[in-house]
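**Student:** Quick one, fold the following:
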Amino acid sequence: QVQLVESGGGLVQSGGSLRLSCAASGNIFSINSMRWYRQAPGKERELVAAITSGGSINYADSVKGRFTISRDNAKNTVYLQMNSLKPEDTAVYSCNAAITSKAVWTTYEATYWGQGTQVTVSS
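**Tutor:** Okay, the predicted model is just below:
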């Protein structure tokens, strides 16, 4: 009913930049919070950045000042601009969104995940 499709990952040298996109489609009444997570091999999944429908933003301390999250509500898309990348940023990045959908007589909210995109930063 709802799909999140990510794009923009790849291989970049240390100090470089990448821009990730995550587009939501399907039965969407409204999109509430949107988040980017990452998981490196052997490590737990980490919340990188989050943005609410009202535009409130939070970042993990490890990416503050280097990453910028934004959203285009008209396109149902969230972005993650990643600058000054470091080898320790290497991970699979996944988007997550809390989305309200319409049912016959009501609406309901559910959380959805994208498939993940690999970001590799070489030293």
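**Student:** Need the outlier residue of this structure, farthest from its centre.
**Tutor:** Relative to the centre of the chain, and counting by Cα atoms, centre = their mean, the farthest-placed residue is residue 105 at 30.8 Å.
**Student:** Of all the residues in the longest strand along the chain, which ones are buried?
**Tutor:** Looking across the chain with DSSP state E, the single longest strand is strand 91-102. Within strand 91-102, the residues that count as buried by 16 or more other Cβ atoms under 10 Å are 91-101. Glycine gets a C-beta too; all of them are placed from N, C-alpha and C.
**Student:** List the contacts of the host helix or strand of residue 25.
**Tutor:** When secondary structure is defined by DSSP states H and E, residue 25 falls within strand 18-26. Outside strand 18-26, the residues that touch it by Cβ atoms under 8 Å, 6 or more residues apart in numbering are 1-10, 12, 31, 34, 36, 75-82, 85, 93, 95, 97, 99, 101, 112, 114, 117, 119.
**Student:** Need the buried ones from those selected in PyMOL.
**Tutor:** Typed into PyMOL, the line below selects the buried ones among the contacts of strand 18-26, using 16+ other Cβ under 10 Å:
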select buried, resi 2+4+6+8+9+12+31+34+36+76+77+78+79+80+82+85+93+95+97+99+101+112+114+117+119
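**Student:** In strands only, show me the contacts of strand 18-26.
**Tutor:** The subset of the contacts of strand 18-26 that ends up in strands is 2-7, 10, 12, 31, 34, 36, 77-82, 93, 95, 97, 99, 101, 112, 117, 119, with DSSP E as the criterion.
**Student:** quick one on the thing from earlier: tell me the mean pLDDT over the strand holding residue 25?
**Tutor:** Per-residue pLDDT over strand 18-26 has a mean of 97.
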